[in-house]
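Peer 1: coordinates only, sequence not included:
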């Protein structure tokens, strides 16, 4: 059923999850919706995110769920939106599209077939049935002096004058999929405050581990890059002096470290780097052993056996974990049982810089919440609403990113419909 012609004409810029959710709510509310995107097809980053299994949301209770969103202002702003469209609501929504879900390890929620494409196909089918129109290869270029949207389609510049607009332009990672951050100067030119876009859920380069290296030694990177370190526990002290520890795994790269355990701390590590120029994490290579157990085993006489053979036999330390000890400790530390035992339980690793923002899974920074009203409408641009990753928030992986994109798209659309209804009432009473 097509929407009523009396509804507002709305342009949604960005065909990722936030933009598509906004389009769905707007169309259901009677709006005439046109979705514009620079890419040749819809949801490219969404499909990439689902390549290894689409993590839709998380099944933990809503209070800790909301607590995953970093920084107090963002958390306070996002809380009502995520509570109104939480993990269970996301599962119910997917079920409405014919997509069954299940709760996997660590309470992450996935489609039963793990794939993103079937969900996206069903979603697009429903949107088209609602009357939503899609315009691909239309790159937004900001506004004209009189407020029209400028869209570049091939060599042709098109001017669009909708009644209202939803911007869902993403952050600045994976530019080849459409999220390139090009929108920042266009909003800033309108006096809209933007927090600097930074890498989030990202890897880091290590500081030189020896005088002749720029990071890892050639031996370590050539032999072990791409291999996981597991199990391992990471401890980090953030800028507020809070000590946090978490067990998991990460991957050694040619220049440093990346992976789920690193991503869980990436925002706090990045913020420390901004202040101090570097950050040190502490690795427990044997999280299931106590410090006393490790010291007792390391102290045992090893006779003619090499240190590597001794540690492999007594503690199961081998491969990459053993290589890290050789990389980061001096021969004197390796020969001293107490220092070696302490390093096995708390091995310091200094990180120098985040990897480039385009490599990050997501970005931090964006449109500040105090630049918008409670409905996500820009204070300086009435009728323009923002949603998704272009807002100033960040979250760890685990379904929290996608949930907030969906929730903010939904909230912005509801805010737009309410704003239009109020404006219509004012026009009616004025006439």
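Peer 2: Structure's in. What do you need? This one's a predicted model, so the numbers in the text were calculated from it and none came from an experiment. Numbers count the residues shown, from 1 in each chain.
Peer 1: Quick check: residue 379 vs residue 151, distance?
Peer 2: 24 Å (CB to CB, to the nearest Å). Where you see a C-beta, it was placed from the backbone N, CA and C, and this is true even at glycine.
Peer 1: now the strands for the stretch 1-150 of the chain?
Peer 2: Ranges of strands in the stretch 1-150 of the chain, per DSSP state E, counting those that start in this stretch, are 9-13, 32-37, 57-58, 101-103, 108-111, 133-136, 139-143, 149-153.
Peer 1: got it, and the stretch 151-300 of the chain?
Peer 2: For the stretch 151-300 of the chain, the strands defined by DSSP E, counting those that start in this stretch cover 156-160, 164-167, 194-200, 204-206, 228-237, 243-252, 256-258, 279-284.
Peer 1: how about low-confidence regions in the stretch 1-150 of the chain?
Peer 2: Scanning the stretch 1-150 of the chain for pLDDT under 70 picks out 1-5.
Peer 1: Next: the stretch 251-400 of the chain.
Peer 2: Those would be none, if you go by pLDDT under 70 across the stretch 251-400 of the chain.
Peer 1: mind checking the longest helix of the protein?
Peer 2: helix 400-430 (DSSP state H).
Peer 1: And that one, how far out from the chain middle?
Peer 2: Put simply, helix 400-430 sits 24 Å off its chain's centre (CA atoms, centre = their mean, to the nearest Å).
Peer 1: That one packs against which elements?
Peer 2: Packing partners of helix 400-430 (3 or more CB pairs under 8 Å, 6 or more residues apart in numbering; DSSP states H and E): helix 17-28, strand 57-58, helix 72-84, helix 87-96, strand 164-167, strand 384-386.
Peer 1: So for residue 397, which of the ones you listed sits nearest?
Peer 2: Nearest to residue 397, of all the helices and strands packed on helix 400-430, is strand 57-58, at 9.9 Å by CB to CB.
Peer 1: Give me the sheet partners of that closest one and which way each runs.
Peer 2: strand 108-111 (antiparallel) (DSSP bridges).
Peer 1: Not counting its own residues, what contacts the partner strand?
Peer 2: Contacts to strand 108-111, defined as CB atoms under 8 Å, 6 or more residues apart in numbering, come from residues 53-59, 87, 90-91, 94, 99-104, 118-119, 398-399.
Peer 1: what's the spacing between that strand and its chain's center?
Peer 2: With CA atoms, centre = their mean as the basis, strand 108-111 stands 16 Å off its chain's centre.
Peer 1: Which positions in it come out as buried?
Peer 2: Within strand 108-111, the residues that count as buried by 16 or more other CB atoms under 10 Å are 108-111.
Peer 1: List just the nearest of those residues to residue 281.
Peer 2: The shortest gap between residue 281 and any of these belongs to residue 108, at 23.7 Å (CB to CB).
Peer 1: gap between that closest one and residue 391?
Peer 2: 23 Å.
Peer 1: neighbour-wise, which of residue 379 and residue 151 wins?
Peer 2: Between residue 379 and residue 151, residue 151 has the larger neighbour count (other CB atoms under 10 Å), namely 21 against 12.
Peer 1: right, and the more buried one touches residue 142 too?
Peer 2: No. Residue 151 is not in contact with residue 142 according to CB atoms under 8 Å; the separation is 9.8 Å.
Peer 1: Can you lay out the strands of the stretch 1-150 of the chain as TSV showing distance to residue 337?
Peer 2: Formatted as TSV, those follow (distance: least, CB to CB, whole Å):
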stretch	distance to residue 337
strand 9-13	62
strand 32-37	61
strand 57-58	43
strand 101-103	45
strand 108-111	41
strand 133-136	64
strand 139-143	63
strand 149-153	67
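Peer 1: Please name whichever of those strands is nearest to residue 256.
Peer 2: Among these, strand 108-111 comes nearest to residue 256, with 25.5 Å by CB to CB.
Peer 1: Please name the bridge partners of the most centrally placed residue in the chain.
Peer 2: Centroid-nearest residue in the chain: residue 362, 3.5 Å away (criterion: CA atoms, centre = their mean). Assessed by DSSP bridges, residue 362 has beta-bridge partners residue 200.
Peer 1: dump the residue contacts of it.
Peer 2: Residue 362 neighbours (CB under 8 Å, 6+ apart): 171, 173, 200-201, 389, 394-395, 401.
Peer 1: go with 7 Å
Peer 2: 171, 173, 200-201, 389, 394, 401 (CB atoms under 7 Å, 6 or more residues apart in numbering).
Peer 1: Repeat that for residue 416.
Peer 2: Contacts for residue 416 (CB under 7 Å, 6+ apart) come out as 10, 26, 164, 166, 385.
Peer 1: Could you rank the residues you listed by neighbour count and give me the top one?
Peer 2: Among the contacts of residue 416, the one with the most neighbours (other CB under 10 Å) is residue 166, at 33 neighbours.
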